[in-house]
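Model the following, please.
(2 chains)
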2 protein chains.
Amino acid sequence: MKQLLLITGMPGSGKTTVAKIIGEQGFPVVSMGDAVREEADARGIGGNILEMSRFMVELRKELGEEAVARLVDKKIEKVDSNFIVVDGARSLREVEYFRSKKDYKVTIVGVLSPLRLRYSRLSGRNRPDDPKMLKELEERDRVELSVGLGEVLALSDIYIINEEDLKELRENVKKKILAPLTSRFRRT
Amino acid sequence: MKQLLLITGMPGSGKTTVAKIIGEQGFPVVSMGDAVREEADARGIGGNILEMSRFMVELRKELGEEAVARLVDKKIEKVDSNFIVVDGARSLREVEYFRSKKDYKVTIVGVLSPLRLRYSRLSGRNRPDDPKMLKELEERDRVELSVGLGEVLALSDIYIINEEDLKELRENVKKKILAPLTSRFRRT
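Take a look at the predicted model:
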């Protein structure tokens, strides 16, 4: 039995930081974003974050809604650990794909930050109100929501709000995820 | 200028409790669910919560995605206050409807509770694992998500996690909503 912790969150919410904090404790992390980038590389497609987001949507159209989950699962199967963090779940179909596997136990972690704070972070606190920048951030949100990220967030098992500093985020992750875990799972 | 605080959250998340806590401080609350029920009454339609949820979907098909926002807005226009709590926003089209009105300033509050806790509450802590009950709870979630509730949650301006007791919820609402408010808005 493998316990999968699927981390979901909007761009700039800090989901990858949450995955890293758990990873620092010795738990393996696989990234759904990395799987998309590797697939893009294999096809000779390059691009910025927004273009990668769009490629992710294309990939789903081409290979099915659970396409990225399948790519990531090939990595998960090779990981020798009974607890694995999966960074970047984006649709209920992905969640269902993992839940359909009998030897996986799936927990969804929703990472949340207020919209203004996400936009400040994504723009490097550099003019998030600039109309061009704002338009790009809104488009990025729209692409993520079009895949179904909002539904995964809405049905999460654990919520982490990330709206203060890294210290508070670490404390939240420790209290809500690591403390219940470390007693139950061996580290790699 | 009217400041609208749109409260969103999945069934059992505690969004109405959050609205009530703010209402106790003298701020007017209008309920989108009440508006749907009143419209159902006017049409001679009765029903349980799940049936009301489905009627809400029908109403949107019939009158447009922002149907419930329009019904609620008739109430808002009559309220003599520059700060109004709107309980139960469910789609970005509703949010856009309110944002399109020049004299409204809109803030979205997303209320979140872990899925198991929501199901425990909704089943009255009475066998949420009973397959029939579980099926009904999942169907209720699906209806809400079909309207777009997940997207509103994902784009919220303020997040409140409701996973402890009422005391903690009150403290959260006080800290994140009431404290910044009471200095800026008069009470009715």
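
quick one, phi/psi of the most centrally placed residue in chain A?
The residue lying closest to the centre of chain A (Cα atoms, centre = their mean) is residue A:88, at 1.7 Å. Phi and psi for residue A:88, reported as degrees, to the nearest 10, are phi 110, psi 30.

In space, what's closest to it - neighbours in sequence excluded?
residue A:32 (3.5 Å; Cβ to Cβ, 6 or more residues apart in numbering or on different chains). Backbone N, C-alpha and C define where each C-beta goes, glycine included.

residues contacting the one you found?
A:68-69, A:71-72, A:86-90, A:94 (Cβ atoms under 8 Å, 6 or more residues apart in numbering or on different chains).

With pLDDT added, can I get the residues you listed in JSON lines?
Shown next, in JSON lines, are the contacts of residue A:32 (pLDDT from 0 to 100):
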{"residue": "A:68", "pLDDT": "93"}
{"residue": "A:69", "pLDDT": "95"}
{"residue": "A:71", "pLDDT": "92"}
{"residue": "A:72", "pLDDT": "95"}
{"residue": "A:86", "pLDDT": "97"}
{"residue": "A:87", "pLDDT": "96"}
{"residue": "A:88", "pLDDT": "93"}
{"residue": "A:89", "pLDDT": "94"}
{"residue": "A:90", "pLDDT": "92"}
{"residue": "A:94", "pLDDT": "95"}
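
and the residues you listed as CSV, adding secondary structure?
Formatted as CSV, the contacts of residue A:32 follow (DSSP: H, G, I helix; E, B strand; the rest coil):
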residue, secondary structure
A:68, helix
A:69, helix
A:71, helix
A:72, helix
A:86, strand
A:87, strand
A:88, coil
A:89, coil
A:90, coil
A:94, helix
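
okay, and for chain A, where does confidence drop off?
A:125-129, A:182-188 (pLDDT under 70).

Show me which residues of it sit near chain B.
Residues of chain A lying near chain B by Cβ under 8 Å from any Cβ of the partner chain: A:10, A:108, A:110, A:112-116, A:141, A:144-145, A:148-159, A:161, A:163.

Buried members of those residues into PyMOL, please.
This is how PyMOL selects the buried members of these, with burial counted by 16 or more other Cβ atoms under 10 Å in any protein chain shown:
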select buried, chain A and resi 10+108+110+112+113+114+115+141+144+145+148+149+150+151+152+153+154+155+156+158+159+161+163
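
which residues does the nearest residue to residue A:56 once chain neighbours are set aside contact?
Ranked by Cβ to Cβ, 6+ apart and with sequence neighbours excluded, the top spatial neighbour of residue A:56 is residue A:36, at 4.9 Å. Residue A:36 makes contact with A:52, A:55-56, A:59, A:68, A:71, according to Cβ under 8 Å, 6+ apart.

Same check on residue A:141?
A:10-11, B:154-155.

In strands, which of these fall?
Counting by DSSP state E, no part of those is found in strands.

State which one residue of chain A is found closest to chain B.
Here chain A gets closest to chain B at one residue, residue A:150, 2.9 Å apart by Cβ to the nearest Cβ.

Look up how far residue B:118 lies from that residue.
Distance, residue A:150 to residue B:118, using Cβ to Cβ, to the nearest Å: 16 Å.

repeat for residue A:148
Taking Cβ to Cβ, one finds residue A:148 at 19 Å from residue B:118.

before we move on, what about residue A:37?
Taking Cβ to Cβ, one finds residue A:37 at 35 Å from residue B:118.

okay, these two: which has more neighbours?
Higher neighbour count among residue A:37 and residue B:118: residue B:118, with 25 against 17, using other Cβ atoms under 10 Å in any protein chain shown.

is it fair to say the more buried one lies in a helix?
Yes. Counting by three-state DSSP, residue B:118 is found in a helix.

which residue packs closest to it, ignoring adjacent ones?
residue B:12 (3.4 Å).

That neighbour contacts residue B:114, correct?
No. Residue B:12 sits out of contact with residue B:114 when judged by Cβ atoms under 8 Å, with a separation of 10.2 Å.

Could you pull up phi and psi at the residue nearest to residue A:56?
Torsion angles, degrees, to the nearest 10, at residue A:36: phi -70, psi -40.

hang on, the earlier thing: how about the residue nearest to the centre of chain A, what does it touch?
Counted by Cβ under 8 Å, 6+ apart, residue A:88 has contacts A:7-8, A:15-16, A:31-33, A:68.

Out of those residues, which sit inside strands?
Filtering these for strands - DSSP E - leaves A:7-8, A:31.

Thank you, goodbye.
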